[in-house]
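Asker: what follows is a predicted protein model with its sequence.
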Amino acid sequence: MKVFKFGGASVKDAQAVQNVADIVSLYKGEKLGIVISAMGKTTNALELIVDALCQRKKSNFDELVAERKQFHRNIMLELFDDPNHLIFNEIESQFEELTKMYDARIPDNYDFEYDQIVSLGEVVSTQIVNAYLNQRGISSGWVDARELIRTNNNYREGEVDWNKTEELFKQHFIPRFKDVDVQVTQGFIGHTSEGLTTTLGREGSDYTAGIMAYCCGAESVTIWKDVPGMLNADPKWFDNTIKLESISFREAIELSYYGASVIHPKTIKPLQNKNIPLYVKSFIDPTADGTTIQSSTSNDHTVPSFIFKMNQVLFSFTPKDFSFIVEKNLSDIFERLARVNAKINLMQNTALKFSILLDEEKVNIDTIKSLFEDTYTVRFENGLELVTVRHYDQATLDRVTVEKQIILEQKTSETARLIVKQK
Ligand code: ASP
């Protein structure tokens, strides 16, 4: 069995869904477990719906729900020849359920509400794609991922119970292939032991593909993207990008850790554990070779990779009593940062100063200041960029520092990380 994952961009409109069916047709006779995300920017739209519900803005909520419903309806009208196709009712009733949620509960737990609502994007998307595959003569089944992926109740960032999940895949997923070759399910969502819906964190559908492959002992995973494979840099920030032909699991984990956004970082580990190759391929050119991610590290050094993180803010904390930055201070600093769930992109210390780099849009500068100011002198500088270069040499570093001032530099034999700002 092969696992395919189609992200939001690959099902963003009717043509895109038709293209998915074209790709699936290329694999006729093979067993495919297909993981699909919400259509286009639906997850973002649903996030606004959660906000409207939690802030009790009824007319805003109704408007946003109507807009999302219409978005899906338009896609269905293009896809289905029969305007009385059952799928129209199915999707209608999903949105009715959503509408009812407004009055059904007192929203006292944002993260919980988030998962109940945002998961709808994946549910409707997979229902539509599955119905369309069937219309195209591809016999496929729809499977509810909330019956397969077991997580704890850490809403919005559910942690997978691997033993239970593997058992559920063995009981409720693998046997389906006896009768039907193609099984379609949702990325990103799971359930708690009480049967409540959870999500795995934004962009979590890749992770679902990894979980499915691990639990089923799949032959491979293919992530279908709008790029020809994994590139050595984001074309948004870089000219003349190069496609990586083949890299190791280890290299892929390193790249995604530093922020390469092609693959969700948690996806790789389960595949590495069972040595299941991961292909990143273009849904625009599906027969072209993409990138292969596998166990061999022999090609990792051939091409340098560049990862850019824009809009960074560098904080430094100096103990007011001029004590050295040692273990006691460090644990105090980390404990405070954990309280506000800060995600550190880079850190460094000197004798008297501990510095961290954070995404500007994910922190409130005043919150950080007030969190530390009792014990530390806090300084910050924003408007910075973090550039990570894997397998660097001087020429590659020169290339990324043209007209930039280097604020901080960290190097290991394989990785250089530079905090820079525009000169
Ligand atoms: N739909 C979810 C998101 O946009 C999960 C995914 O697409 O991977 O984050």
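Answerer: That came through fine. Numbers count the residues shown, from 1 in each chain.
Asker: and the helix or strand harbouring residue 396, which residues are buried?
Answerer: According to DSSP states H and E, residue 396 maps onto helix 394-400. By neighbour count on 16 or more other CB atoms under 10 Å, the buried set for helix 394-400 is 396, 397, 400. Yep, even glycine has a C-beta here, placed from its N, CA and C like the rest.
Asker: buried stuff in the lowest-mean-pLDDT helix or strand in the chain?
Answerer: One helix or strand of the chain scores below all others by mean pLDDT, DSSP states H and E: helix 249-257, with a mean of 91. By 16+ other CB under 10 Å, the buried positions in helix 249-257 come out as 249, 251, 252, 253, 254, 255, 256.
Asker: just list what that helix packs against, helices and strands only.
Answerer: If you count contacts as 3 or more CB pairs under 8 Å, 6 or more residues apart in numbering; DSSP states H and E, helix 249-257 packs onto helix 268-273, strand 291-294, strand 376-390.
Asker: do the helix ranked longest in the chain and the ligand meet at all?
Answerer: Secondary structure of the chain per DSSP state H: the longest helix is helix 58-79. No. Figure legend: helix 58-79 not in contact with the ligand (CB under 6 Å from any ligand atom); closest approach 13.1 Å.
Asker: and that helix, what's its mean pLDDT?
Answerer: Averaged across helix 58-79, the pLDDT comes to 98.
Asker: and the angle for the helix or strand following that helix with helix 58-79?
Answerer: Next in sequence after helix 58-79, counting helices and strands by DSSP H and E, comes helix 86-104. In terms of direction (axes from the mean of the first three to the mean of the last three CA atoms, to 10 degrees), helix 86-104 departs from helix 58-79 by 170 degrees.
Asker: thinking again about what came up before, does the least confident helix or strand of the chain come close to the ligand?
Answerer: No. For helix 249-257, no contact with the ligand is found by CB under 6 Å from any ligand atom; the gap never falls below 13.4 Å.
Asker: residues making contact with that helix?
Answerer: 230, 247, 262-265, 268-269, 271-272, 278, 293-295, 297, 300, 305, 307, 390, 414-415 (CB atoms under 8 Å, 6 or more residues apart in numbering).
Asker: so how many other residues sit close to the residue of the stretch 301-423 of the chain found nearest the ligand?
Answerer: Nearest to the ligand, among the residues of the stretch 301-423 of the chain, is residue 362, at 15.4 Å (CB to the nearest ligand atom). Counted with other CB atoms under 10 Å, residues neighbouring residue 362 total 13.
Asker: quick check: residues of the stretch 151-300 of the chain near the ligand?
Answerer: 187, 188, 202, 203, 204, 205.
Asker: need the pLDDT of the closest residue to the last one other than its chain neighbours.
Answerer: Meaning residue 205. Nearest residue to residue 205, sequence neighbours excluded (CB to CB, 6 or more residues apart in numbering): residue 187, at 2.4 Å. Among the per-residue scores, residue 187 holds a pLDDT of 98.
Asker: and for residue 11?
Answerer: Looking at residue 11, its pLDDT stands at 98.
Asker: again, but for the one 10 residues further on
Answerer: At residue 21 the predicted local distance difference test score is 98.
Asker: the strand or helix carrying it and the ligand, are they touching?
Answerer: Applying DSSP H and E as the criterion places residue 21 in helix 14-25. No. Using CB under 6 Å from any ligand atom, helix 14-25 stays clear of the ligand, with a minimum separation of 13.7 Å.
Asker: partners of the next helix or strand after that helix, with directions?
Answerer: Using DSSP H and E, the helix or strand that follows helix 14-25 in sequence is strand 32-36. Partners of strand 32-36 in the sheet, by DSSP bridges, are strand 2-6 (parallel), strand 182-186 (parallel).
Asker: need the buried residues of helix 394-400 in CSV (columns: pLDDT).
Answerer: What follows is the buried residues of helix 394-400, written out as CSV (pLDDT from 0 to 100):
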residue, pLDDT
396, 95
397, 96
400, 93
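Asker: so residue 263 touches residue 206, yeah?
Answerer: Yes. Residue 263 lies in contact with residue 206 (CB atoms under 8 Å); the separation is 5.5 Å.
Asker: who does the residue lying closest to residue 310 once chain neighbours are set aside bridge with?
Answerer: Excluding its sequence neighbours, the residue lying closest to residue 310 (CB to CB, 6+ apart) is residue 385, at 5.4 Å. Using DSSP bridges, the beta-bridge partners of residue 385 come out as residue 420.
Asker: contacting residues for residue 385?
Answerer: Contacts of residue 385 by CB under 8 Å, 6+ apart are 308, 309, 310, 311, 312, 404, 419, 420, 421.
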